[in-house]
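Visitor: here are the coordinates; sequence isn't available:
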């Protein structure tokens, strides 16, 4: 009776892993919902621990991948912010050691032919 549920959960976890590796975050919400439903069913049934160990291993691997993806997205956001700041001006340290933004001055000269 539990074999189809466990097999489906393995399938969902494999799909989640592939989505995380490919940085395809769109299907993750749907996979999470499926995973929650399957895990809820398993927690309500009397499941042997030996059957759950491989599932736990896959879930731990996916958690590590998810943490790495979150870290990567955060790093990309920081890099974009740094690039945006460069366009606004230059960050330097003032004599007291604080970061100060030196704004870029725009030339108001027009070139005429």
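Guide: Happy to help now that I have it. Remember, it's a predicted structure, so these values are computed and weren't measured experimentally.

Visitor: Shouldn't residue 26 be within a helix?
Guide: No - Residue 26 is assigned coil when assessed by DSSP: H, G, I helix; E, B strand; the rest coil, not a helix.

Visitor: what's the spacing between it and residue 90?
Guide: 38 Å (CB to CB, to the nearest Å). In this view, the C-beta of every residue, glycine as well, is placed from N, C-alpha and C.

Visitor: who's more crowded, the two?
Guide: Neighbour tally, residue 26 and residue 90, criterion other CB atoms under 10 Å: the higher count belongs to residue 90, 11 against 7.

Visitor: okay but that one is in contact with residue 99, surely?
Guide: No - counting by CB atoms under 8 Å, residue 90 stays clear of residue 99, with 10.7 Å between them.

Visitor: Just give me the residue closest to the centre of the chain.
Guide: Nearest to the geometric centre of the chain sits residue 70, at 2.9 Å (CA atoms, centre = their mean).

Visitor: can you confirm it is in a helix?
Guide: Yes - counting by three-state DSSP, residue 70 is found in a helix.

Visitor: Please report how far residue 6 lies from residue 34.
Guide: In terms of CB to CB, residue 6 sits 13 Å off from residue 34.

Visitor: same deal with residue 77?
Guide: Distance from residue 77 to residue 34, by CB to CB: 29 Å.

Visitor: and what of residue 100?
Guide: From residue 100 to residue 34 the distance is 51 Å (CB to CB).
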